[in-house]
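Enquirer: sharing a model that was predicted from the sequence below.
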Amino acid sequence: MLRRIRETTEKELAEGAPHFSQDKLSVLYIEATADGMQVRRLRVDERGAFLDPWPKGFFDERFAEVYGP
C-alpha cells in the first residue's frame, strides 16, 4: 500500500493501475498495556512514508527477514 501511494504521488503507475492515496489508508497498532488495550494510529505521508515512529516490535520480524538476525 505504501508503494502504491508513492507510485500515485510520483505518477509512476502502470497503465490501468488504480490510484491510491494516504487518506485512504489507516495503519493501526494495537498493544496490550497494564490498563488494557491501546490503539495507536500511525500516520503516512503523501510519499508513502510513516510520519510517526514505529512502536517497539512493530516491524522487528520483517526487519529480521530482510537484514538477518
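Expert: Great, that's in hand.

Enquirer: all contacts plus neighbour counts: C-alpha atoms, from now on.
Expert: OK.

Enquirer: show me the shaky parts of this structure.
Expert: 57-69 (pLDDT under 70).

Enquirer: now for the nearest residue to residue 10 once chain neighbours are set aside: which residues touch it?
Expert: Leaving aside its sequence neighbours, residue 10 sits nearest to residue 47 (CA to CA, 6 or more residues apart in numbering; 7.9 Å). Shown in contact with residue 47 (CA atoms under 8 Å, 6 or more residues apart in numbering): 2, 5, 6, 9, 10.

Enquirer: mind checking what secondary structure the third one has?
Expert: The three-state label given to residue 6 by DSSP: H, G, I helix; E, B strand; the rest coil is helix.

Enquirer: residue numbering should commence at 23 henceforth.
Expert: Understood, numbering begins at 23; the last thing we discussed is residue 28.

Enquirer: skipping its backbone neighbours, what lies nearest it in space?
Expert: residue 69 (4.5 Å).

Enquirer: next, that neighbour: secondary structure please.
Expert: coil.

Enquirer: quick one, phi/psi of it?
Expert: phi -100, psi 0 (degrees, to the nearest 10).
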